[in-house]
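J.: With the input below, show me the fold.
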Amino acid sequence: MSIRNDFPILARKVNGQSLVYLDNAATTQKPQVVITAMSHFYQNSNANVHRGVHTLAGEATEAYEACRSELKKWFNAERVIITSGTTESINLVAHAWARANLVAGDAVILTEMEHHSDIVPWQLLAQDIGIELRFISLNDDLTLDMDAFEASLDGAKLVACVHTSNVLGIRNPVEQIIKISHENGVKVLLDSAQAVPHEKIDFTALGADFLACSAHKMCGPTGIGCLLVKEDSFSQMQPFMGGGDMIQTVTTNGSTFQENEHKFEAGTPRIAEGVGWAAALKWLGKIDLQSEHLRLIRIARWTANQLKSISGMTVFGRHDDGDSAVVSFIHDSIHSEDMARLLDARGIAIRTGHHCAQPLMKILGVEGTMRVSFYLYNNQEEAELFIETIRGIVERFS
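T.: Numbering: from 1, shown residues only. The predicted model follows:
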């Protein structure tokens with residue numbers, strides 16, 4: 001399969017077995033074009049950006065800003081602030097927008113399926129300025145209770161909602177959430193870290209006020225992400241970090257700031273990572289993400305059904321066509337970490353733990369789960385090997 005051939009890591013052996021990488025919701029592997037682009041930058045054009053007039057500085061600046069241009073085209077977004085990832089992007093909204101525009105008593109709406117990075121910043125802000133946090137409950141099928149959501153909007157100023165759950169794979173009805181929120185004068189921040197690998201998002205058409213995501217979930221490098229911002233919300237944001245590159249002038253009496261995205265990008269940026277992300281976006285642009293996603297969700301659905309047929313297994317999530325290809329599960333007598341180590345002995349990489357979603361774990365009634373997650377280079381044969389190995393482990397140890 002040509003896609004698999006683009007990923008050199010898939011050729012390696014783990015514990016003497018061919019690698020089967022099923023931990024893509026944590027991070028995806030990188031195609032050779034990304035690795036090459038970053039190495040080429042360091043070997044040929046390494047310099048700091050935006051400051052120097054020498055040749056290398058010009059090349060570095062052009063290469064780095066090409067990442068922003070690619071992101072604007074990819075997401076159809078006017079404002080793209082480059083960050084270290086989804087976590088920093090959400091924190092940027094909390095500090096640069098919310099701290100400047102919310103007062104004590106204003107409400108921020110969250111859900112019980114949020115990642116910790118979309119809970120803790122708001123808890124810290126609540127402690128500092130006295131905003132109210134309201135958590136939307138889940139239905140019995142673990143989907144969002146939209147009646148409770150609508151009932152929670154009075155007095156709210158922001159909805160901070162996960163686009164697609166990293167545990168359940170469930171894609172929330174974000175279009176409906178945005179529509180209802182805006183009808184009530186409430187802005188919307190989407191944590192789209194798990195959505196961007198599986199669907200091409202048109203930020204302008206979607207209509208959210210903020211959207212946070214990370215490069216490493218979509219075959220790009222770690223350590224870089226972005227915050228997409230609507231123009232009216234962008235104009236309401238105040239500086240978060242002070243330093244170089246975000247200023248216009250500095251005197252001993254005060255400073256003035258940039259008016260573009262650089263206002264929120266203090267210090268030396270992630271230059272090589274930007275080069276790598278631009279390469280990843282160009283590579284992804286050659287793939288039919290919609291058809292690939294449908295292929296992967298079919299594999300995930302098959303895997304979930306097979307796990308359900310194994311004695312002692314509990315599987316979480318619904319695995320509808322719009323959901324991500326994530327399957328979370330537990331066994332009633334084999335500890336998750338033991339299972340993961342036995343799988344690793346066969347070269348199969350999966351995730352265990354609470355997945356930075358402890359409030360959701362409490363709802364599920366577990367400390368953590370095992371999780372397999374499929375991406376573009378995975379195939380049905382790997383899913384079958386995974387299930388065959390799981391069956392063997394259960395037969396031997398339970």
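J.: Every contact and neighbour count from this point should use C-alpha atoms.
T.: OK.
J.: what about His331, how many residues close to it?
T.: Here the count is done by other Cα atoms under 10 Å, and His331 has 19 residues near it.
J.: Next one: the closest residue to it other than its chain neighbours from Arg51, what distance?
T.: Taking Cα to Cα, 6 or more residues apart in numbering as the measure, His331 lies nearest to Met313, with 4.6 Å between them; neighbours along the chain are not counted. As judged by Cα to Cα, to the nearest Å, Met313 and Arg51 stand 58 Å apart.
J.: Mind checking which of these two has more residues around it?
T.: For Met313 versus Arg51, the count of surrounding residues by other Cα under 10 Å is larger for Met313: 16 against 12.
J.: For the stretch 151-300 of the chain, which segments are assigned as strands?
T.: Taking DSSP state E, counting those that start in this stretch as the criterion, the stretch 151-300 of the chain carries its strands at 156-162, 187-191, 210-214, 225-229, 247-251, 254-257.
J.: What strands line up against the second one, and which way round?
T.: Strand 187-191 has its sheet partners listed here by DSSP bridges as strand 156-162 (parallel), strand 210-214 (parallel).
J.: cool, the last one as well?
T.: Looking at strand 254-257 with DSSP bridges, its partner strands are strand 247-251 (antiparallel).
J.: how many neighbours does Asp140 have?
T.: Counted with other Cα under 10 Å, the neighbours of Asp140 add up to 8.
J.: Helix, strand or coil: sort out it for me.
T.: In terms of secondary structure, Asp140 is coil; the call rests on DSSP: H, G, I helix; E, B strand; the rest coil.
J.: Report the separation between it and Pro173.
T.: In this structure, Asp140 and Pro173 are separated by 17 Å, where distance is defined by Cα to Cα.
J.: got it, and Glu273?
T.: 32 Å.
J.: the more surrounded of those two?
T.: For Glu273 versus Pro173, neighbours defined as other Cα under 10 Å are more numerous around Glu273 (26 against 14).
J.: List the residues that contact the more buried one.
T.: Contacts of Glu273 were listed using Cα atoms under 8 Å, 6 or more residues apart in numbering, and they are Met38, Gly220, Pro221, Thr222, Gly223, Ile224.
J.: how close does it get to Ala266?
T.: 16 Å.
J.: Pretty sure Tyr375 sits against Tyr21.
T.: No. Look at Tyr375 against Tyr21 with Cα atoms under 8 Å: they stay out of range, at 9.2 Å.
J.: The two: which has the busier surroundings?
T.: For Tyr375 versus Tyr21, the count of surrounding residues by other Cα under 10 Å is larger for Tyr375: 26 against 22.
J.: now the more buried one: how far from Met218?
T.: On the measure of Cα to Cα, Tyr375 and Met218 end up 9 Å apart.
J.: and for those two, which residues touch both?
T.: Residues touching both Tyr375 and Met218 (Cα under 8 Å, 6+ apart) are Thr28.
J.: quick one, which of the strands of the stretch 151-300 of the chain is nearest to Glu367?
T.: The minimum distance between Glu367 and the strands of the stretch 151-300 of the chain falls on strand 156-162, with 20.8 Å, by Cα to Cα.
J.: got a list of contacts for the closest one?
T.: By Cα under 8 Å, 6+ apart, the residues outside strand 156-162 that reach it are 102, 106-111, 113-115, 118, 172, 181, 185-192.
J.: so for that strand, what's the average pLDDT?
T.: On average, the pLDDT along strand 156-162 is 98.
J.: just to revisit the earlier point, out of the strands of the stretch 151-300 of the chain, the one nearest Ser324 is which?
T.: Taking Cα to Cα as the criterion, Ser324 comes closest to strand 156-162 out of the strands of the stretch 151-300 of the chain, the separation being 12.7 Å.
J.: how distant is the closest one from the center of its chain?
T.: Averaged C-alpha coordinates place strand 156-162 at 17 Å from its chain's average position (Cα atoms, centre = their mean, to the nearest Å).
J.: Return the helix or strand in this structure with minimum mean pLDDT.
T.: Ranking every helix and strand in the chain by mean pLDDT, DSSP states H and E puts strand 247-251 at the bottom, with a mean of 76.
J.: Quick check: Tyr375 vs Gln29, distance?
T.: 9 Å.
J.: With Cys226 instead?
T.: For Cys226, the distance to Gln29 (Cα to Cα) stands at 19 Å.
J.: With neighbour numbers in mind, choose between the two.
T.: Set side by side, Cys226 and Gln29 show more neighbours around Cys226, with 24 against 21, by other Cα under 10 Å.
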